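**Q** Structural data only, the sequence is not supplied:
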């Protein structure tokens, strides 16, 4: 592909999108990268690079149309709530079709498979779980199918557990709990398959998907090379950070604590959903209210939820044979390499040396 093509990356201020931008800057022969962000404050990571970002709210069709104009390809990494995921994706695909974009790489998730177990290939049916993230990604994929039928080339990638530097969910949050000695799940509850994939492998799949022939309209699992359990991941990260060995709690009391806390979680979630703006205003204005809210958040974060027990105990594998055969994808970062690299970044960037 010509190096003068222009590649738009949505969500460039985020974990995966930021890494896509960095990778494209390191491989200029693939084309010129054009990052988009909704909030300029998220540009801290890539702001030092020689790249000119574009402000673009995917819920504003005129902004999206301007951003997409003149682009050869789009890598869609932006994340958000249901509106951003569904309506934002619709606006992006509509603009891409109108602008004559050659191909869009759409980032989905294995969450579209719901609570599946066993060996889960791309042909596995979707499952609605009433969880916003996975359910909205199902809606977005259904939109993709509509636009493929209308003539737009779109490739769907379904990454597994994406970790590495800048991963809030699967790296930073885990390290925080380890630092605070707040990993309170029994080892027996964490023997499910973790399906780790390093962010660099995900980005590698995305760049391959930009040009792979015959890939439009196809969905691909993107997984890492190693089958590790969640307990192995947590213990590996704990060791790499230099922390004392974990001391898991007894299984029965831990599960009971999780069940007893669940009603509180439900009430807090419902109250926040119904009174989001007043709660946010109170949080900003009242130090006392802020202290109470933080204490509740800390307590709930320390006690594993039933959903965590479900996730960490589930034995499931997402094979990548299709991505290997059709995209040329080969995961390159082993779990041990990825965990060590994540720990090095955490120790350099954060306050993780104080544990223990």
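**A** Alright, I've got the coordinates. None of these values were measured; they are calculated from a predicted model. Numbering: from 1, shown residues only.

**Q** Please, where are all the helices along the chain?
**A** Chain-ordered helices for the chain, with DSSP state H as the definition, fall at 15-26, 61-68, 82-99, 132-149, 173-179, 199-209, 230-240, 251-274, 276-285, 287-302, 306-313, 321-326, 335-349.

**Q** how long is stretch 217-237 from one end to the other?
**A** End-to-end distance for stretch 217-237: 37 Å, by CA to CA, to the nearest Å.

**Q** buried stuff in that stretch?
**A** Across stretch 217-237, burial judged by 16 or more other CB atoms under 10 Å covers 218-226, 228-237. Using the backbone N, CA and C atoms, a C-beta is placed for each residue, glycine as well.

**Q** Over to stretch 313-323?
**A** By neighbour count on 16+ other CB under 10 Å, the buried set for stretch 313-323 is 313-314, 316-318, 320, 322-323.

**Q** likewise stretch 133-146?
**A** Residues 134-141, 143-144 are the ones in stretch 133-146 that count as buried (16+ other CB under 10 Å).

**Q** Report the rounded mean pLDDT for that stretch.
**A** Stretch 133-146 shows a mean pLDDT of 97.

**Q** Which residues does that stretch contact?
**A** For stretch 133-146, contacts defined as CB atoms under 8 Å, 6 or more residues apart in numbering pick out 81-82, 85-86, 89-90, 93, 106, 108-109, 111-112, 114, 126, 128-129, 154, 156, 217, 219.

**Q** Repeat the analysis, applying 10 Å as the threshold.
**A** Residues outside stretch 133-146 that contact it (CB atoms under 10 Å, 6 or more residues apart in numbering): 76, 79-90, 92-94, 104, 106-115, 126-129, 152, 154-156, 158, 216-217, 219.

**Q** pretty sure residue 75 contacts residue 18?
**A** No: shown here, residue 75 and residue 18 do not form a contact pair, counting by CB atoms under 10 Å, at 11.7 Å.

**Q** Now which of the contacts of stretch 133-146 would you call buried?
**A** Buried members of these, counted by 16+ other CB under 10 Å: 76, 79-80, 84-90, 92-94, 104, 106-114, 126, 129, 152, 154-156, 158, 216, 219.

**Q** Contact partners for residue 128?
**A** Contacts of residue 128 (CB under 10 Å, 6+ apart): 112, 114, 134-135, 138-139.
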